[in-house]
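Q: pasting the sequence and the predicted coordinates here, then a few questions.
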Amino acid sequence: MTATAKTAAGKVPATVVTGFLGAGKTTLIRGLLEKADGRRLALIINEFGDVGIDGDILRACGNPTCTEDDVIELANGCLCCTVADDFVPAIEKLLSRPQPPEHIIIETSGLALPKPLVQAFHWPAIKTRVTVDGVVAVVDAAAAAEGRFAPDPAALAAQRDAAGTVDHETPVEEVFEDQLLCADLIVVNKTDLVEAADLARVEALIRAALNRDAKLVRAAQGAVDPLVLLGVGAAVEDDLANRPSHHDDEEGHDHDDFTSFVVELPSQPDPAALVKTLEEVAGLHGVLRLKGFIDVSGKPMRLLVQGVGTRVQTHFDRLWKPGEERRSRLVVIGETGLDREAVTRAIAG
Ligand SMILES: Nc1nc2c(ncn2[C@@H]2O[C@H](COP(=O)(O)OP(=O)(O)OP(=O)(O)O)[C@@H](O)[C@H]2O)c(=O)[nH]1
């Protein structure tokens, strides 16, 4: 990656990384950090729910370009709804550092709508100092191929109204489409999990959802050349009229459609058995996302658990630190109505 200075207008570029729960945003950003090549990147990370997992994953990557100070975590809230309290101060804090970042990467929560966040760049405190270089939407090709975000393109086209939007969608479909409609670059990720024909079908589905041209790139493990991801130069904050949203007519937006809670577990003797239980619970109750760290009895390393739909993966990501409390906690996210008691009982049982 070549180091670039500020934009022509003297603003620091910021890239918004959006994409539905578990699409691979954190994985993509981790790859970006590894290829930073000395460029000063700072991260602002927002998660749904009050336990920050992604920040911890990124800090655990041991990358020298990503120190504690370079990661600002805004858990417990939606970035676009806490603009004044959290987001603008976080940007100001980054800009006031002796060595301000050369590029700011913002990872939104998987349920966030990117457009209200981009609107925040009109706030006087940051308007003249930062620009949104581009919005990158990461898509889980496997989940999309399974029909989790939208019906097939023909059905989608048939539902489209004169304004180009589709009504009567599920909350999941609406969030997914809002994220695509705001994007400059769409990363079709997890290509390793889908056949070529399904990948083509997913790309057709994405294009059918779009109202204008956006660039599509395929990726596995979110690996995209930083030169493609950064330096788009879209000044997105001045181009919002071209990026419709299902929530354009709303005063703010709420998150009543989704819910999250934390399940605390005792130390686990058998990771494989836990994975089996989690996959069953996710399928039975329609859990959208599961993630957290587990203390495995007798192991010096903590186990990172990642569930996307019914696919649950684990790996030991780092040693527990001396004096660190070895808690086993899983964040569970689903649509409103997810039976918290039953899910907790099923996982803990
Ligand atoms: N097979 C496969 N797995 C992937 C790929 N990219 C990411 N994953 C896995 O998908 C899971 C979710 O990845 P994350 O990067 O945490 O996804 P995210 O979009 O940041 O998730 P949220 O922030 O919770 O919305 C993890 O288990 C990743 O290892 C990929 O290309 N192929």
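A: Structure received. Note that this is a predicted model, so its numbers are computed, not measured. Residues are numbered from 1 along each chain as shown.
Q: by mean pLDDT, point me to the weakest helix or strand of this protein.
A: Every helix and strand in the chain was compared by mean pLDDT, DSSP states H and E; the lowest is helix 153-159, with a mean of 61.
Q: remind me which residues of the stretch 1-150 of the chain are low pLDDT?
A: Scanning the stretch 1-150 of the chain for pLDDT under 70 picks out the ranges 1-5, 8, 49-52, 60-68, 75-82.
Q: for the ligand, what's its nearest residue on it.
A: G110 (2.9 Å; CB to the nearest ligand atom). Just so you know, the C-beta spots here come from the backbone N, C-alpha and C atoms, and that holds for glycine as well.
Q: touching, that residue and N46? I think so.
A: No - using CB atoms under 8 Å, G110 is not in contact with N46, being 10.0 Å away.
Q: for the chain, what lies in contact range of the ligand?
A: 19, 21-27, 54, 110, 189-190, 192-193, 220-222, 289, 291, 306, 308, 313 (CB under 6 Å from any ligand atom).
Q: just those: which are in strands?
A: Taking DSSP state E, the ones among the residues of the chain next to the ligand that sit in strands are G19, N189, R289, K291, Q306, V308, Q313.
Q: pick the one among the residues you listed closest to the ligand.
A: Looking across these and measuring by CB to the nearest ligand atom, the closest to the ligand is Q306, at 3.1 Å.
Q: so what's the closest one up against?
A: G22, L290, K291, V312, Q313, T314 (CB atoms under 8 Å, 6 or more residues apart in numbering).
Q: can you get me a residue count around the residue nearest to the first one when sequence neighbours are not counted?
A: Spatially, and ignoring its direct neighbours in sequence, G22 is nearest to V308 (3.2 Å; CB to CB, 6 or more residues apart in numbering). When neighbours are counted by other CB atoms under 10 Å, V308 registers 24.
Q: who are the contact partners of V308?
A: With CB under 8 Å, 6+ apart, V308 has these contacts: L21, G22, D140, A143, R289.
Q: and for the residue of the stretch 1-150 of the chain closest to the ligand, the neighbour number?
A: A count of neighbours around G110, defined by other CB under 10 Å, yields 26.
Q: how about it: what's its closest non-neighbour residue?
A: L21 (3.3 Å).
Q: burial count for the one you found?
A: L21: 25 neighbours (other CB under 10 Å).
Q: quick check: it touching T108?
A: No - in this structure L21 lies outside contact range of T108 using CB under 8 Å: 11.1 Å.
Q: tell me the SS of the residue of the chain positioned farthest from its centre?
A: The C-alpha centroid of the chain is most remote from G298, which lies 32.7 Å away (CA atoms, centre = their mean). G298 falls in the coil class when you classify it by DSSP: H, G, I helix; E, B strand; the rest coil.
Q: re the thing from before, for the residue nearest to G110, give me its contacts.
A: Contacts of L21 by CB under 8 Å, 6+ apart are F48, G110, L111, L288, R289, V308, I333.
Q: show me which of these are buried.
A: Buried by 16 or more other CB atoms under 10 Å: F48, G110, L111, L288, R289, V308, I333, out of these.
Q: tell me the SS of the first one?
A: This means F48. At F48 the chain is in coil, as set by three-state DSSP.
Q: distance check, it against K291.
A: 11 Å (CB to CB, to the nearest Å).
Q: cool, the third one as well?
A: Plainly put, L111 is 14 Å away from K291 if you go by CB to CB.
Q: same check on the last one?
A: Plainly put, I333 is 8 Å away from K291 if you go by CB to CB.
Q: where do the helices sit along the stretch 201-349 of the chain?
A: Under the criterion DSSP state H, counting those that start in this stretch, helices of the stretch 201-349 of the chain are mapped to 226-229, 271-285, 340-348.
Q: export the ones you listed to TSV and tack on mean pLDDT and mean neighbour count?
A: Formatted as TSV, the helices of the stretch 201-349 of the chain follow (pLDDT from 0 to 100; neighbours: other CB atoms under 10 Å):
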stretch	mean pLDDT	mean neighbour count
helix 226-229	94	18
helix 271-285	97	16
helix 340-348	95	15
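Q: each with direction, which strands does the longest strand seen in the chain pair with?
A: Using DSSP E to define each element, the chain has its longest strand at strand 130-140. Here strand 130-140 has these sheet partners by DSSP bridges: strand 12-19 (parallel), strand 185-189 (parallel).
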